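> Provided below for reference: sequence and predicted model.
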Amino acid sequence: MLPSLRKLSKELKISVLTITRAYTELEQDGFIKNVQGKGSYVLGSSSELIKEQLIRGIEEHLLSAIKLAKQADLLLKDLHSLLNILEERNVDE
């Protein structure tokens, strides 16, 4: 459980509005869950929201890799092979 908005505001000597904004952003990003009347709680690393955010990051990186592969005239099957090689190398390390 995270400290209340007022308590954290008092401890850090910053506006309650700033703390509210930060908690709201953390909830939108999937790191915490605000429960009306009960407080704010940090979500576990297995949270579906965090997993979804990580998958979105992977998708962005893969799209970048696909664009670069096209610029290098690399075939999709070769990109797959490269991914497999890198994955094997990472497992061995």
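Ah, there it is.
> Name the single longest helix found in the protein.
For the chain, the longest helix by residue count, based on DSSP state H, is helix 48-71.
> Return the list of helices and strands in contact with that helix.
In terms of contacts (3 or more C-beta pairs under 8 Å, 6 or more residues apart in numbering; DSSP states H and E), helix 48-71 is packed against helix 76-92. C-betas here are computed from N, CA, C, even on glycine.
> Just want the angle from the longest helix of the chain to helix 76-92.
Calculated by axes from the mean of the first three to the mean of the last three C-alpha atoms, to 10 degrees, helix 48-71 forms an angle of 130 degrees with helix 76-92.
> What pLDDT does the model give Leu76?
Looking at Leu76, its pLDDT reads 91.
> what's the spacing between it and Ala69?
For Leu76, the distance to Ala69 equals 7 Å [C-beta to C-beta, to the nearest Å].
> Can you pick out the residue with more neighbours from the two?
Ala69 (15 against 10; other C-beta atoms under 10 Å).
> That one contacts Leu79, doesn't it?
Yes: contact criterion C-beta atoms under 8 Å: Ala69 and Leu79 qualify, at 4.6 Å.
> Would you mind listing the outside residues contacting stretch 57-76?
78-79, 82 (C-beta atoms under 8 Å, 6 or more residues apart in numbering).
> same deal with stretch 6-25?
Residues from elsewhere that reach stretch 6-25 (C-beta under 8 Å, 6+ apart): 2-3, 5, 32, 34, 40.
> Can you report how many residues lie near Gly39?
By the measure other C-beta under 10 Å, the count of residues near Gly39 is 14.
> Go ahead and produce CSV holding the CA coordinates of the longest helix of the chain.
Below are the C-alpha coordinates for helix 48-71, written out as CSV (Å, rounded to 0.1, in the frame of the first residue of the first chain):
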residue,chain,number,x,y,z
GLU,A,48,-1.6,-8.0,-16.7
LEU,A,49,-1.3,-4.3,-17.1
ILE,A,50,2.5,-4.4,-16.8
LYS,A,51,2.6,-7.4,-19.1
GLU,A,52,0.6,-5.6,-21.7
GLN,A,53,2.9,-2.6,-21.4
LEU,A,54,6.0,-4.8,-21.9
ILE,A,55,4.3,-6.4,-25.0
ARG,A,56,3.7,-3.0,-26.5
GLY,A,57,7.4,-2.2,-26.0
ILE,A,58,8.3,-5.4,-27.7
GLU,A,59,6.0,-4.6,-30.6
GLU,A,60,7.6,-1.2,-31.1
HIS,A,61,11.1,-2.7,-31.2
LEU,A,62,10.0,-5.4,-33.6
LEU,A,63,8.4,-2.9,-35.9
SER,A,64,11.7,-0.9,-35.8
ALA,A,65,13.6,-4.1,-36.6
ILE,A,66,11.3,-4.9,-39.5
LYS,A,67,11.7,-1.4,-41.0
LEU,A,68,15.5,-1.7,-40.7
ALA,A,69,15.4,-5.1,-42.3
LYS,A,70,13.5,-3.7,-45.2
GLN,A,71,16.0,-0.9,-45.6
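> Perfect, I'm done here.
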